[in-house]
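A.B. asks: Here is my input, please return the structure:
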Amino acid sequence: PGKMRRFVNESSLSGVRRAVASGIRLMSGGAVITEDKHNNLILKDSQVQDTATVIFMHGLGDTGQGWIDGVRVLHSGLPHIKFILPTAHSMPVTINLGAKMPAWYDIQGLDFRSNEKCTGIDESRERITDIIEKELETRESTRIMVAGFSQGGALALYTGLAYSNTLAGIICMSGYIPKPDDLKIHDNQSDVAVRLYHGSVDDVVKVEYADMTLKYLESKGIKDVEMKKYANLPHSASMDELEDVRSFIQDMLPDNNPKSSL
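C.D. replies: Modelled structure (predicted):
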């Protein structure tokens, strides 16, 4: 008999809730959550005009709702930033025996991800690009950032690096570079700030894939790319990691109208 395969789910919900419960004081102020006509969740401050945007993509089998707790942490103290949390369409996922679940693209296995077809990823990139284009109606591309966890982090890299206008930054948590042989990095992204965050004992997306991603980005001429590893962190998010991500967002998307937060 063949070895039974583990059902892969890249949700970080339990880890984020544990992190939040461990002592964070959420300074969410007047933050409210709404849903747009495309079923994207929007978290923003009701009392402050937003001047920047972070688009955050969840992992395999999760939803935008699953990351609300984590994004509340990222939003704390940053009332000028709007967070958009789309949910992937459901599709059969090969690694999970064809079970349908929210997925940005199909995953065939946990090994040799660079050789996967990633069926559906180009359609997902178009969807995130459409969100970016909509945000350009009210702000410059340098006031927009893409971010994500696991498969969502992979999509953030795949979308952000190929986008035609310079973005404020790209965040990949517990992720990897998908379809590196097919990815065409746009010249306008050569100076974009890319940050990789990864747990040292991740058994879903091994930390070696993050190392490979870092080397790939450096080899492609991305000048501002850094990676931070977290000891004893599995495939999840920790409070230390969330605070590091929040700090990076604050550095790259400062409040350009400080009086608005008074």
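A.B. asks: Name the nearest residue to the residue most central in space within the chain, sequence neighbours excluded.
C.D. replies: Taking CA atoms, centre = their mean, the centroid of the chain lies closest to Gly148, which sits 0.9 Å from it. Closest residue in space to Gly148, ignoring its immediate chain neighbours: Met57 at 3.5 Å, by CB to CB, 6 or more residues apart in numbering. C-beta coordinates here come from the backbone N, C-alpha and C atoms, glycine included.
A.B. asks: so what's that neighbour up against?
C.D. replies: Shown in contact with Met57 (CB atoms under 8 Å, 6 or more residues apart in numbering): 85-86, 88, 104, 128, 146-149, 151-153, 155-156.
A.B. asks: Now secondary structure, pLDDT and distance to Gly175 too, for the residues you listed, in CSV please.
C.D. replies: Below are those laid out as CSV (DSSP: H, G, I helix; E, B strand; the rest coil; pLDDT from 0 to 100; distance: CB to CB, whole Å):
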residue, secondary structure, pLDDT, distance to Gly175
Leu85, strand, 98, 16
Pro86, coil, 98, 16
Ala88, coil, 98, 14
Trp104, coil, 98, 11
Ile128, helix, 98, 14
Val146, strand, 98, 12
Ala147, strand, 98, 10
Gly148, strand, 98, 7
Phe149, strand, 98, 7
Gln151, helix, 96, 7
Gly152, helix, 98, 7
Gly153, helix, 98, 3
Leu155, helix, 98, 8
Ala156, helix, 98, 7
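A.B. asks: Same list (those residues) but as JSON lines, adding distance to Lys179.
C.D. replies: Shown next, in JSON lines, are those (distance: CB to CB, whole Å):
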{"residue": "Leu85", "distance to Lys179": "24"}
{"residue": "Pro86", "distance to Lys179": "20"}
{"residue": "Ala88", "distance to Lys179": "17"}
{"residue": "Trp104", "distance to Lys179": "12"}
{"residue": "Ile128", "distance to Lys179": "15"}
{"residue": "Val146", "distance to Lys179": "17"}
{"residue": "Ala147", "distance to Lys179": "19"}
{"residue": "Gly148", "distance to Lys179": "16"}
{"residue": "Phe149", "distance to Lys179": "19"}
{"residue": "Gln151", "distance to Lys179": "13"}
{"residue": "Gly152", "distance to Lys179": "15"}
{"residue": "Gly153", "distance to Lys179": "14"}
{"residue": "Leu155", "distance to Lys179": "11"}
{"residue": "Ala156", "distance to Lys179": "14"}
